[in-house]
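Visitor: turn this into a structure:
(one chain, ligands or ions: 1)
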Amino acid sequence: HVPTAHTPEAAPQLPGHELLYSGKVRGLYAPLDPATGQRDQERLLLVASDRISAYDHVLDTPIPDKGSVLTQMSLWWFDQLADLAPHHVISTDVPEQVAGRAVYVRRLRMLPVECVARAFLTGGGLAEYAATGTVSGVPLPEGLVDGSRLPEPVFTPSTKAPMGEHDQPISFAEVEELVGPRLAARVRDLTVAILQRGNEIAADRGILIADTKVEFGIDPAQLGLGDGADEEIDWASVDPDVVDVVLADEVLTPDSSRFWRASEWAPGRTQTSYDKQVLRDWLTSPASGWDKASDTPPPTLPDDVVELTRARYVEAYETLTGRPFTAGTPA
Ligand SMILES: Nc1ncnc(-c2cnn(Cc3cccc(F)c3)c2)c1Cl
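Guide: Numbers count the residues shown, from 1 in each chain. Next comes the predicted model:
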């Protein structure tokens, strides 16, 4: 089930494909059957653009290869996590206009929950903890500060807000109301296990993953639905021990997660972002002439900021995977 699209110019037209849904920096397309022009009901094309967002704005300057780096990092993580959960990837044999930065995926019915887990406390989770001593209803030790490592990753789910709005944190009890206690427990356990595994692997490479957001879906056939079917699903009736809970969307990328350099980690202050700090520092410096409180769009980026930011993405990919980044071709 893919939300109806609003089709801003941001996502390009793609021959043989229909744009279904355009996020801030990504697009979701349905392949069209060349014979009938009908949408393929079993596959989607998930495209990552080179656009980057900061301070809730999508910048007008692309970061070359960002889409390709993040796509290839996600593909690598799907392999590293294959023992924890099946994934939705079918093929990287994609149209040349999006080579290296798109994947064909199985079209699933997505659970209506943004599955977030936190291994370190910062951002919205820290704010909630400061106000209540808990996060998503989970009591935490006293005395935690910005960047504190949590005793173990905590599941902090959100609702899927409408386009352009912020997701709203919800409690585990609300997740149980949304998808039933069995699926709720399963996606909680999977999300925590994915972040735990991600940090085990990343720590060996000097990277900390503070938090991450993943999405899960289920094959319509396993729900007794036709491919094109759009009817409401009674999630509470779904038994996760019978169906496959599939890891979809993107996984453990710097867009879906906070990446920090382990060598720079210092609880008690704002941590530096592995990938976005160069961009943030320039945008908040006098050099940019921009005021982030003004709600005006950020200015075009200078070449050195673009190149340094591109280098951060490439460095994150090569450090994590141990593979040289090759632009435009899937690893
Ligand atoms: N395998 C799947 N089956 C059905 N739906 C999805 C799905 C729906 N939405 N999203 C998030 C998203 C991904 C990219 C570009 C966007 F604009 C939005 C992912 C997936 Cl991944």
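
Visitor: okay, residue 330: pLDDT?
Guide: Listed pLDDT for residue 330 reads 71.

Visitor: and the residue of the stretch 201-331 of the chain that's closest to the ligand?
Guide: The ligand sits closest to residue 248 of the stretch 201-331 of the chain, with a gap of 4.1 Å, by CB to the nearest ligand atom. In this view, the C-beta of every residue, glycine as well, is placed from N, C-alpha and C.

Visitor: correct me if wrong: that residue contacts residue 219.
Guide: No: judged on CB atoms under 8 Å, residue 248 makes no contact with residue 219 at a distance of 10.6 Å.

Visitor: got a list of what the residue of the stretch 201-331 of the chain closest to the ligand touches?
Guide: Counting by CB atoms under 8 Å, 6 or more residues apart in numbering, residue 248 touches 87, 88, 105, 108, 110, 215, 216, 217.

Visitor: circling back: list residues touching both of residue 248 and residue 219?
Guide: residue 108.

Visitor: would JSON lines of the contacts of residue 248 with secondary structure be doable?
Guide: What follows is these, written out as JSON lines (DSSP: H, G, I helix; E, B strand; the rest coil):
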{"residue": "87", "secondary structure": "strand"}
{"residue": "88", "secondary structure": "coil"}
{"residue": "105", "secondary structure": "strand"}
{"residue": "108", "secondary structure": "coil"}
{"residue": "110", "secondary structure": "strand"}
{"residue": "215", "secondary structure": "strand"}
{"residue": "216", "secondary structure": "strand"}
{"residue": "217", "secondary structure": "strand"}
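
Visitor: now these as a markdown table including distance to the ligand and pLDDT?
Guide: Formatted as a markdown table, the contacts of residue 248 follow (distance: CB to the nearest ligand atom, whole Å; pLDDT from 0 to 100):
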| residue | distance to the ligand | pLDDT |
| --- | --- | --- |
| 87 | 9 | 98 |
| 88 | 4 | 98 |
| 105 | 4 | 98 |
| 108 | 4 | 98 |
| 110 | 5 | 98 |
| 215 | 6 | 98 |
| 216 | 10 | 98 |
| 217 | 5 | 98 |
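
Visitor: which one of those residues sits closest to residue 167?
Guide: residue 215 (11.4 Å; CB to CB).

Visitor: can you pull the contacts of residue 189?
Guide: Per CB under 8 Å, 6+ apart, neighbours of residue 189: none.

Visitor: what is the three-state secondary structure of it?
Guide: From three-state DSSP, the assignment for residue 189 is helix.

Visitor: quick one: low-confidence residue ranges for the stretch 1-150 of the chain.
Guide: For the stretch 1-150 of the chain, residues meeting the criterion pLDDT under 70 lie at 1-10.

Visitor: what are the ranges of the helices in it?
Guide: 66-80, 123-132 (DSSP state H, counting those that start in this stretch).

Visitor: which among those helices is found nearest to residue 330?
Guide: helix 66-80 (6.3 Å).

Visitor: any idea which of the contacts of residue 248 is closest to residue 17?
Guide: When the contacts of residue 248 are ranked by distance to residue 17 (CB to CB), residue 105 comes first, at 13.1 Å.

Visitor: excluding its backbone neighbours, what's nearest that closest one?
Guide: residue 88 (4.2 Å; CB to CB, 6 or more residues apart in numbering).
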